Structures are given as C-alpha cells and as structure tokens.
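# Fold the stuff below for me.
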Amino acid sequence: MIDIHKIITEYSINNKSSTEIGKMLGISRVTVLRILKKHSIPIRRRTNKCVFNDDFFSTIDTEQKAYWLGFITADGNVHRDESTLQINLSAVDEGHLAKLAMIFRREVKSIKHSKTPMRYFSIYSKRLCGDLIQLGVLPNKTDEDQSAIFNNVPNHLKRHFIRGLFDGDGSIAQSNKYKKHFTFAVIGEHRLMSEVANFICEKTGIRTPKIATEHRCSRIRWSGLYQCLAILEWLYDGSEIFLARKRVKMDALKARPSKKKTYYGVSKTISKKWNAAIWQNNTRIHIGNFETAEDAAHAYNVYADSIGLDSYKRNHLPGKQ
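A predicted model of the protein is given here:
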C-alpha cells in the first residue's frame, strides 16, 4: 500500500524530489506527482541541478583552455542554432573525450547505428557557444577565415592550442617503404594553417612548409626525423594535456636506437680522428678533421651558420655557441 502521508511529508517538508521519493518507495515518479496533485500539493518546477562553468572559454588564460579550444577547432562543431556544441570521436579516444566532458559535468555517449564504434559529447549553452563564436569558432565549420581563433590565443599559450589542433586533426607517420622517413602534418582552414605554420617555424627554427590544399581543407606537412622531433619536443615539453596515443608515437621517435655517430655531420676517420662534413647542393663539403667529436660538431655548426643552413640542423653543444 502506498504511504501517501510519507510522500507528502518528504516532498513538502524534506524537499525531496518526486524522482527521489519514487525510488524510496518503489513507485514511479509519475505516480508520486499524481498523488501530490490529487491532494492539492503545489508542484515545484523541475530545475537542472547540473551546474557547469559555461564561462570556461570567456578568457583563454590557461593551458587547459588553449588546448581544448584547439581541439574543438579541429574536431568540434557549433551547431547553426549557436547554442549547441558537439564533438564526435572514435571509441578508441573515449577516455580523452571524457576529460573534456568532465569539465562541464557531462557524460560521453555512444552514437547508435554507426558503422564504426563512435562516441560523442554534447552540451547546450548559449553563453559557451557564444564565447566560442566570439573567439572565431564558426558554426558548422564554414570555409570562412579562422585565423582569428589563433590570434585570440596569447603567444605563451599558442603551442598548447596547436597541440589541440594536432590531436584533433593531425598525424605523425612513418613510411612503410622508407623506415627512416617521418612526416608531421596538421589539416585545417587555409589561413589558420598559414598562421600555425609560421608560428611553429619561428619557435623551432625549422623550414617553412608548403601548404597543400585538399578539397576544402589545407594541410601543412614537414618531413624528416629532425624536423618532426623538433616540432614534437616543442609541443609536448612540460605539457599536461594531450591525446595519449599520439604522445606515445613521439616517445617512440625519441627512443629510436641512436647511431654510433653522435653528432650531425660528424664521423670517425680511419686515423681515429673526427671528420666534419656537410652537404650543400648535393655536394659533400669537407670541413676538417679534429681531435674530438665535440670540436668537429662545433666546426660543423659554425660552417652551417655561415651558409645559412636551417637551424634545426645544428648540434647541441652545452657551453658552445
């Protein structure tokens, strides 16, 4: 038998919700409400108890905000109603999507009837979406200029934004045919990619890449182990937020077995001295022989400076310029 007195007491005096009372007594929420209305008990309006920080993107002032802004720029979608943000990812990256969902006290859900296992995170907030649009994240990923997003991120946080872009729409790959050949690439709107490429080159000293247009997107790509490592080490240095499976690839690159030749452009001669040489215009130029590998590496650096070789092709020598 249903305890009507308890239902009225719990709802009116103890301020319990109809759902909580239903679970307590083993009846449905609808039954609880019907009894309350029958006894003329005023029904409280249902409120959303899930409070979240919808001003998260009002100011980009932390690594976390810059990273997720980059990730949303790559993989997110602000609907045309300018009130809903949604991100779809492969089920493999469900744990990473859950980190973002946790910020807004939401859950990651499965996409039904998908050919491949997919997960999504969705949130309705006019303020949150309004702040993203103000930053330059345009509804439904239009083809309009998105470079404003990058310019709205402080310089000291731009590498975190780029890491978010890379985790969303980037790749690090190794050639199946040439095992020593690596490429680092990011895809996005053309003007945004141009800004990103220039900033990466400025901070790492590597050469400016060509920007290839593919369909409605543009791709920036660097090739070669030295350039890839220079970018990845800069992106991940001291970082706290990243997509784990891509970070693993970077760690694998750094852990590759090193050759006996410890410095770029340096080799040991038959006479057991150290030879410094450099390639220019498909010609090997002999710089000189030296007593130590460090001296040969330093001579290589000096010659590389004199001919304006890209700065990523330098030997790291503590104490020597």
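# Residue 97 against residue 89, yeah?
Yes. Contact criterion Cβ atoms under 8 Å: residue 97 and residue 89 qualify, at 5.0 Å. Heads up, the C-betas are built off the backbone N, CA and C, glycines and all.
# Which neighbours do the two have in common?
Listed as contacting both residue 97 and residue 89 by Cβ atoms under 8 Å, 6 or more residues apart in numbering are 119-120.
# which stretches of the chain have low pLDDT?
By pLDDT under 70, the weakly predicted segments of the chain are 46-51, 141-143, 176-180, 257-262, 310-312, 318-321.
# Which helix or which strand is home to the spatially most central residue of the chain?
Centroid-nearest residue in the chain: residue 164, 1.8 Å away (criterion: Cα atoms, centre = their mean). Per DSSP states H and E, residue 164 falls inside helix 158-169.
# CA atoms of that helix as PDB?
Output in PDB follows, covering the C-alpha atoms of helix 158-169 (Å, rounded to 0.1, in the frame of the first residue of the first chain):
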ATOM      1  CA  LYS A 158      49.700  29.100 -28.700                       C
ATOM      2  CA  ARG A 159      51.700  25.800 -28.600                       C
ATOM      3  CA  HIS A 160      49.000  24.300 -26.400                       C
ATOM      4  CA  PHE A 161      46.400  25.400 -28.900                       C
ATOM      5  CA  ILE A 162      48.500  23.800 -31.700                       C
ATOM      6  CA  ARG A 163      48.800  20.600 -29.800                       C
ATOM      7  CA  GLY A 164      45.000  20.500 -29.500                       C
ATOM      8  CA  LEU A 165      44.800  21.000 -33.300                       C
ATOM      9  CA  PHE A 166      47.300  18.300 -33.800                       C
ATOM     10  CA  ASP A 167      45.400  15.800 -31.500                       C
ATOM     11  CA  GLY A 168      42.200  16.600 -33.300                       C
ATOM     12  CA  ASP A 169      43.300  16.800 -37.000                       C
END
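# which residues of this structure fall in helices?
4-12, 18-25, 29-38, 63-75, 94-103, 126-135, 147-151, 158-169, 190-204, 225-236, 244-254, 293-306 (DSSP state H).
# possible to save the ones you listed as CSV with distance to residue 267?
CSV is the format used below for the helices of the chain (distance: least, Cβ to Cβ, whole Å):
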stretch, distance to residue 267
helix 4-12, 83
helix 18-25, 75
helix 29-38, 78
helix 63-75, 41
helix 94-103, 43
helix 126-135, 51
helix 147-151, 42
helix 158-169, 35
helix 190-204, 26
helix 225-236, 17
helix 244-254, 23
helix 293-306, 8
